[in-house]
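>>> Okay, sequence plus prediction incoming.
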Amino acid sequence: MKGINLNKPITFLHSSLRYFSEGERHITRFCKDNVLLMVFEGILRFTEDNVCYEIHPGEYHIQKSNTFQSGETASDSPKYLYVHFLSEWADNDSVLPFKGTYDYPRAKFLMKELDKLSHTESSLVKKTAVFYELLLSLQQQEKSETIADKIAAFLCNENLNEISLGKICKEFYFSKNYIINIFKKEFGVTPIQYINNLKINNAKYLLEVTSDTLESISLKSGFNDYSHFYKLFYKETGLSPSKWRNKKQTNPLQY
């Protein structure tokens with residue numbers, strides 16, 4: 001599902017609680033900002049680029065920047081928090097979906113705190129910190145743990161050890177094809193690709209923060225065969241481990 005990219009900068013602009021009067025409609029506007037809406041009473045109705053939405057208590061919606069919004073139908077006296085912010089959008093696993101549910105009793109304090117800070121001379125840093133906590137609470141909505149989640153947790157715990165598909169099957173009592181299919185459906189990669197990505201990310205960290213030899217880093221990242229490590233690293237980055245380290249030291253924000 002599309003949503004805001006949590007791996008890109010997110011800039012808080014301003015926020016406030018908003019209470020609609022009976023029969024009041026959403027404002028008609030072309031909005032340049034993203035707007036997070038968190039409804040806790042009543043029903044908020046609006047159109048966004050001619051698509052109709054109804055936001056009920058316990059639901060959130062992120063209006064996308066540079067869209068035309070209007071209130072063709074009156075809302076049902078909603079009470080909600082709105083937050084204007086800037087961010088990039090994406091359609092992958094690293095997003096906060098543009099709509100969903102939230103636990104109002106748990107989020108209530110953060111919502112009121114952000115509203116209070118937004119109406120005082122509080123620093124932008126403090127407002128941004130509370131906003132980030134709010135986004136994190138939305139991202140971490142409880143969900144039932146799937147089999148794929150359990151496999152991923154197992155792989156994370158075993159990421160420095162030798163992992164085979166057979167070992168995963170033995171741990172979870174499922175066939176190879178079943179494990180590959182359910183895991184790839186949820187994570188977009190096979191379990192072996194997932195574990196290799198974990199190892200490569202660990203190697204990147206060691207390349208950046210230590211002066212260890214490439215062979216040592218390969219072993220510490222769970223690769224017993226340096227040539228295998230080299231091939232996977234090059235496939236992932238387009239660079240050899242040594243060249244990646246040099247470029248990272250030269251331009252740390254780019255790699």
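Sure thing, it's come through.

>>> Grab the longest strand from this structure for me.
Assignment by DSSP state E gives strand 34-48 as the longest strand of the chain.

>>> who does that strand pair up with?
Partners of strand 34-48 in the sheet, by DSSP bridges, are strand 51-55 (antiparallel), strand 59-63 (antiparallel), strand 67-70 (antiparallel), strand 76-86 (antiparallel).

>>> Low-confidence bits of this structure, can you list those?
For the chain, the stretches with pLDDT under 70 are 1, 141-145, 159-160, 251-255.

>>> the domain parsing of it - what is it?
Following automatic domain parsing, the chain resolves into domains at 3-139, 147-250.

>>> Strands of this structure, start to end?
For the chain, applying DSSP E gives strands covering 3-5, 11-19, 29-31, 34-48, 51-55, 59-63, 67-70, 76-86, 89-90, 95-97, 99-101.

>>> Next, format the domains of the chain as TSV and append mean neighbour count.
(C-beta placed from N, C-alpha, C; glycine too.) Output for those, formatted as TSV (neighbours: other Cβ atoms under 10 Å):
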stretch	mean neighbour count
domain 3-139	16
domain 147-250	15
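
>>> And the strands paired with strand 34-48: which comes nearest residue 150?
Nearest of the strands paired with strand 34-48 to residue 150, taken as Cβ to Cβ: strand 59-63 at 27.9 Å.

>>> Please enumerate residues in contact with that closest one?
3-4, 31, 34-39, 48, 53, 55, 69, 96, 98-102, 138 (Cβ atoms under 8 Å, 6 or more residues apart in numbering).

>>> Could you do stretch 163-175 as well?
Stretch 163-175 has contacts (Cβ under 8 Å, 6+ apart) with 147, 150, 151, 154, 155, 176, 179, 180, 191, 192, 195.

>>> okay, that stretch in PDB with CA atoms only?
Extracted C-alpha coordinates of stretch 163-175, given in PDB (Å, rounded to 0.1, in the frame of the first residue of the first chain):
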ATOM      1  CA  ILE A 163      21.500 -21.200   7.400                       C
ATOM      2  CA  SER A 164      20.000 -23.600   4.900                       C
ATOM      3  CA  LEU A 165      16.400 -24.000   3.700                       C
ATOM      4  CA  GLY A 166      16.500 -27.500   5.100                       C
ATOM      5  CA  LYS A 167      17.300 -26.100   8.600                       C
ATOM      6  CA  ILE A 168      14.400 -23.700   8.300                       C
ATOM      7  CA  CYS A 169      12.000 -26.500   7.300                       C
ATOM      8  CA  LYS A 170      13.200 -28.600  10.200                       C
ATOM      9  CA  GLU A 171      12.600 -25.700  12.600                       C
ATOM     10  CA  PHE A 172       9.100 -25.000  11.400                       C
ATOM     11  CA  TYR A 173       7.900 -28.300  10.000                       C
ATOM     12  CA  PHE A 174       6.800 -27.000   6.600                       C
ATOM     13  CA  SER A 175       7.900 -28.000   3.100                       C
END
